[in-house]
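Novice: Mind folding the following:
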Amino acid sequence: MKKITALIAASLIAVGLSGCGSADDENTTENKNTADSTTESNSNDKPKENTSAEANSQKEMKDKMDKLSYSEYEVEANYSGNKDYEAEIEHDDSTGDITSSLKDELNNIKLQGEESFNKVYPGLEKLDIDGTTEKNDAISQVLKAFDLPKDYEKIEISLNTADGKKIEFEDRK
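Specialist: Residues are numbered from 1 along each chain as shown. A predicted model of the protein is given here:
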């Protein structure tokens, strides 16, 4: 008889403990779900902020580019020791967005987006290149405006003017 009473008591205790565990698991699950919802809600908020910041950034870059005679700019200069300088600002006709990138292996700089734009744009403002500009003058202007060494092995310059004309120069030493 004592064995049956002990067995029933043990069973009741086990059921009671497992019942407590279930409640904790449910609360834990509810807390996790609440935390996940909060995280999702916060992560949903962040892209809106970034999108707004990107829109402002795009507007600022477009406004600056509208002040220039160029709608796009690209330069690639190769130097000895496999060191390259590549900078570009492009206008995507389908979206209207401005993209920019800078890879300056001479100074160990690699930038994208607005950061790149802000580094490249001041040099672009210094250029006065059009369809009548001589190749040596255009190259000299680019080297000076972007503080590049004159001892390049190869340089390529491509500009799209605001009126849609493409101006290109290339030189090898």
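
Novice: burial measure for D93, as a count.
Specialist: Neighbour count for D93, taken as other C-beta atoms under 10 Å: 8. For every residue, glycine as well, the C-beta is placed using N, CA and C.

Novice: Next one: it from E156, what distance?
Specialist: Separation of D93 from E156 (C-beta to C-beta, to the nearest Å): 22 Å.

Novice: next one: F146
Specialist: Distance from F146 to E156, by C-beta to C-beta: 14 Å.

Novice: What of A77?
Specialist: 8 Å.

Novice: Equivalent analysis for S80, please.
Specialist: Using C-beta to C-beta, we find S80 at a distance of 17 Å from E156.

Novice: what about these two, which has more around it?
Specialist: E156 (16 against 9).

Novice: For that one, give me its contacts.
Specialist: Going by C-beta atoms under 8 Å, 6 or more residues apart in numbering, E156 touches 74-77, 168-170.

Novice: hey, C-alpha coordinates of stretch 139-147 in CSV?
Specialist: What follows is stretch 139-147, C-alpha atoms only, in CSV (Å, rounded to 0.1, in the frame of the first residue of the first chain):
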residue,chain,number,x,y,z
ILE,A,139,45.0,64.9,-69.0
SER,A,140,46.9,67.7,-67.2
GLN,A,141,43.7,69.1,-65.8
VAL,A,142,42.6,65.7,-64.4
LEU,A,143,46.0,65.0,-62.9
LYS,A,144,46.1,68.4,-61.2
ALA,A,145,42.4,68.3,-60.1
PHE,A,146,42.7,64.9,-58.5
ASP,A,147,46.3,65.3,-57.3
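
Novice: buried residues in it?
Specialist: 139, 141-143, 145-146 (16 or more other C-beta atoms under 10 Å).

Novice: likewise stretch 78-93?
Specialist: 78-79, 83-89, 91.

Novice: can you pull out the helices in this structure?
Specialist: Under the criterion DSSP state H, helices of the chain are mapped to 2-66, 113-125, 135-145.

Novice: what pLDDT, on average, does stretch 81-91 get?
Specialist: Stretch 81-91 carries an average pLDDT of 95.

Novice: right, I mislabeled it, should have said stretch 158-173
Specialist: According to the model, stretch 158-173 has a mean pLDDT of 92.
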